[in-house]
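Colleague: need a structure here:
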Amino acid sequence: MRLEDLRIEVARLTRQELSVLSDVSISTIQRAEEGKPIRRLMMAKILAGLGRQLGRTVSRDEIDEFKGGVGSNSANGPLNLQSK
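Modeller: Numbers count the residues shown, from 1 in each chain. All right, here's what the predicted structure looks like:
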């Protein structure tokens, strides 16, 4: 599923709300939604923010833009985060 679709249709969040939950900038979320490179830490924070909203772990394999890595992340394994 596309990040934007998951954010809007499933998590029911605006970019600003996800930004606050994830502690990343709105522009980072926008870049991720556009499939542009973002740092692995930012990807992890976005996944954690979505997980907090949904009350479950969100894996990068669920997000089309994060599959196979983002930017320099392609060599890293799956990133599964437990919401806290």
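Colleague: which residues touch residue 13?
Modeller: Contacts were defined as CB atoms under 8 Å, 6 or more residues apart in numbering; by that measure residue 13 touches 7, 21, 50, 53. Using the backbone N, CA and C atoms, a C-beta is placed for each residue, glycine as well.
Colleague: With secondary structure as new columns, can the residues you listed be given to me in a markdown table?
Modeller: Formatted as a markdown table, the entries for those read as follows, by DSSP: H, G, I helix; E, B strand; the rest coil:
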| residue | secondary structure |
| --- | --- |
| 7 | helix |
| 21 | helix |
| 50 | helix |
| 53 | helix |
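Colleague: Out of those residues, which two sit at the greatest distance?
Modeller: 7 and 21 (10.3 Å; CB to CB).
Colleague: quick revisit: quick one: the contacts of residue 13 as a markdown table, columns for pLDDT and neighbour count too.
Modeller: Conversion of the contacts of residue 13 to a markdown table gives the following (pLDDT from 0 to 100; neighbours: other CB atoms under 10 Å):
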| residue | pLDDT | neighbour count |
| --- | --- | --- |
| 7 | 98 | 24 |
| 21 | 98 | 19 |
| 50 | 98 | 25 |
| 53 | 98 | 19 |
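Colleague: Among those, which one lies nearest to residue 14?
Modeller: Distances from residue 14 to those, taken by CB to CB, are shortest for residue 7, at 8.1 Å.
Colleague: Quick check: nearest residue in space to that closest one, chain neighbours excluded?
Modeller: By the measure of CB to CB, 6 or more residues apart in numbering, the closest residue to residue 7 outside its immediate chain neighbours is residue 13, 5.2 Å from it.
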